[in-house]
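Using only what follows, build the 3D model:
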Amino acid sequence: MTDGAPAKAEPSEGSPEKVRREKLERLRAAGVDPYPHEGFPNRDKIGEILAAHDPEQLGEGEQPEFAYRIAGRVVGRRGHGKTIFLDLRDLSGSIQAYARLDALGQQAFGRVDALDIGDAVGIEGVLHVTKRGQLAIAVRECAMLGKALRDPPDLFHGISDVEVRYRQRELDLMANEESRRTFLLRAKLVAAIRRYLDERDFVEVETPILQTLAGGAAARPFTTHHHALNRELFLRTATELYLKRAIVGGFENVYELSRFFRNEGLSPKHNPEFTMLEWFLCCAGYEGVMTFAEEMLSTVVEQVLGTTVVERGGQKIDFKAPWKRVTLQEAIREETGVDILSARREELVELLGDEVDPGADWAWIVDEIQGKLIEPKLVQPTFLVDLPRELWPTVKPAPEHPELLGEAFDGVVDRMEIIGGGTDTNDADMQRENFVRQRQRRHPESEEAPYPSDDEFVRALEYGSLPAGGSGIGIDRLTMILAGAENLRDVILFPSMRPSQD
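Coordinates of the predicted model:
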């Protein structure tokens, strides 16, 4: 055994794994490579075959011979004796294949008969219509492409154990069609967003994942040590400041769709590693950003689903633009009767009904009211605008109440924030002052002192920059809504998990 390699447990006598390994050895003894180098090139997609042929027309009269090469996983098998029926599945669909002893001969037929559910195989054959009126492939050649050494999960009923689904996503994808649909939907959504931005002259840029300062978001970062530089680095919590430095340099409309990392807790709506789209629209304020965002999301949702309407939890949610806009002040006043701009601190604290840290400032309390009393009531896409300025240190102050409010917005859909943004300041002196206030302001639940301000970003603004408005969109939460999922782990292919009890 190689040093450091885990010892391999021997399968017990008569176990399914033992039987499968014996078949593996018999293949090798017969000169068959169970994991061939050449693969199975020039194969046809099962879904395209099914879409191209009508069984009723194919079964009538004289028809040309349609030969195909397909490859996939054996998900079912029936029959013994002189005929074997296989169900073969690739990503595009499933089809039946059947092998006959008199057509293949004893040796080739025996290899088909030895196939197990879960094996990856390639099949070449001719399309036929079964007595039940279904398309099927009559096997002329069957090639082993990857011998499965373990029994797969129940490929008919799927996997219901969520721990197995999240920890062994490969089994979830193998057994649950709904999971495959969800992650295909996610891939189409990401592609549609990129296409929408690229077609409107946005430039996708790449910014550092390892950063010298944890900037751009009020979140605890992950830290690591770079040995060659002998310094602490942080996994990025946001891309905002680097994107705006690109604007300073001469780029205009920019975006990055990538992974972010925040060293926070797990919940049905939170994962420490997640995907965000951050983008900036040059020469636009937050009204222009909201208009662009609602039109983009309306368009990509329709492209992915074929409609702007999503049915979720018994309700229909319509992404069609324009979305409702309401100031946070108006929303809280309509819900509680309290005006956040004139109310005493005690009145605001009373709305929460919980003990509030004595060090909690006005901005923190109002943000808690938004999260606990307003967002849970918003189902249809809604923009909450003019938010507490202290929570948005990179945006311009709202003209009517510059001391308290900033030109910022949160977009809420089905009780979840999925988007946020604002009118970004290009005033270097104002940005420096905002960073100083942010450094002095400490969140009441924070366990650590605030991180230093980003002086490199302020210095960049001092060179002058066109104005811009920006936004961040949570791809995971948006996918949850479109897929009808209730847990973020259902839409993240390999989510973060607590240590297994096994």
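
mind checking how far the helix or strand bottoming out on mean pLDDT in the chain is from the chain centre?
The helix or strand of the chain with the lowest confidence, counting by mean pLDDT, DSSP states H and E, is helix 55-58 at a mean of 86. Its chain's C-alpha centre and that of helix 55-58 lie 40 Å apart, by C-alpha atoms, centre = their mean, to the nearest Å.

what residues does the following helix or strand past that helix touch?
Downstream of helix 55-58, the next assigned helix or strand under DSSP states H and E is strand 67-78. Outside strand 67-78, the residues that touch it by C-beta atoms under 8 Å, 6 or more residues apart in numbering are 40, 42-46, 49, 84-90, 94-95, 97, 115-127, 137, 140, 145, 155-156, 174. Where C-beta positions appear, they are placed from N, C-alpha and C, glycine not excepted.

hang on, the earlier thing: buried ones in the least confident helix or strand of the chain?
For helix 55-58, a neighbour-count test (16 or more other C-beta atoms under 10 Å) marks 55, 58 as buried.

Now do that helix: everything it contacts.
Residues outside helix 55-58 that contact it (C-beta under 8 Å, 6+ apart) are 127, 129, 133-135.

out of those, what pair is the most spread apart?
127 and 133 (13.5 Å; C-beta to C-beta).

Report how many residues lie close to the nearest residue to residue 154 once chain neighbours are set aside.
Excluding its sequence neighbours, the residue lying closest to residue 154 (C-beta to C-beta, 6 or more residues apart in numbering) is residue 175, at 6.3 Å. Number of residues near residue 175 (other C-beta atoms under 10 Å) recorded here: 21.

Then residue 463?
The tally of other residues near residue 463 (other C-beta under 10 Å) stands at 10.

ok, it - contacts?
residue 248.

Using the record, which stretches count as separate domains in the chain?
The chain breaks down into these domains under automatic domain parsing: 16-146, 174-490.

what about stretch 113-122, start to end distance?
14 Å (C-alpha to C-alpha, to the nearest Å).

For residue 220, give me the pLDDT.
On the pLDDT scale, residue 220 is placed at 85.

for residue 446, same thing?
Here, the pLDDT recorded for residue 446 equals 52.

do residue 26 as well
The score at residue 26 is 94. That number is its pLDDT.

Then residue 267?
Looking at residue 267, the pLDDT reads 87.

ok, now residue 119?
In this model, residue 119 carries a pLDDT of 97.

thought it was touching residue 143?
No - between residue 119 and residue 143 there is no contact under C-beta atoms under 8 Å: 10.8 Å.

So for the two, which residue has more residues nearby?
Neighbour count, other C-beta under 10 Å: between residue 119 and residue 143, residue 119 has more, with 22 against 18.

need the contact list for the more buried one.
Going by C-beta under 8 Å, 6+ apart, residue 119 touches 73-74, 144, 146-148.

Now render the residues you listed as TSV, adding distance to residue 364 and neighbour count.
Compiled in TSV, these are given as follows (distance: C-beta to C-beta, whole Å; neighbours: other C-beta atoms under 10 Å):
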residue	distance to residue 364	neighbour count
73	53	20
74	58	22
144	62	21
146	55	16
147	59	22
148	54	18
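
Closest one to residue 411 out of the residues you listed, please.
Of all the contacts of residue 119, residue 73 has the smallest distance to residue 411: 40.7 Å, by C-beta to C-beta.

Kindly state the beta-bridge partners for that closest one.
Beta-bridge pairing for residue 73 (DSSP bridges): residue 89, residue 120.

how close does it sit to residue 279?
Between residue 73 and residue 279 the distance is 39 Å, computed by C-beta to C-beta, to the nearest Å.

how close does residue 484 sit to residue 317?
In this view, residue 484 and residue 317 are 10 Å apart by C-beta to C-beta.

Looks like residue 66 contacts residue 125 (just checking).
No - under the criterion of C-beta under 8 Å, residue 66 is not in contact with residue 125, lying 9.8 Å apart.

which one of the two has more residues nearby?
residue 125 (21 against 16).

what about the more buried one, which SS state?
Classification of residue 125 using DSSP: H, G, I helix; E, B strand; the rest coil returns strand.

ok now do the nearest residue to it once chain neighbours are set aside, which residues does it touch?
Nearest residue to residue 125 in three dimensions, chain neighbours excluded: residue 137, at 4.2 Å (C-beta to C-beta, 6+ apart). By C-beta under 8 Å, 6+ apart, residue 137 lies in contact with 68, 70, 88, 95-98, 123, 125-128.

picking up where we left off before, quick check, nearest of the contacts of residue 119 to residue 179?
For these, the closest approach to residue 179 (C-beta to C-beta) belongs to residue 73, at 15.0 Å.

Distance check, that closest one against residue 118.
Separation of residue 73 from residue 118 (C-beta to C-beta): 7 Å.

thinking again about what came up before, please list only the buried members of the contacts of strand 67-78.
If you count burial by 16+ other C-beta under 10 Å, the buried members of the contacts of strand 67-78 come out as 40, 43-46, 49, 84, 86-90, 94-95, 97, 115-125, 127, 137, 145, 155, 174.
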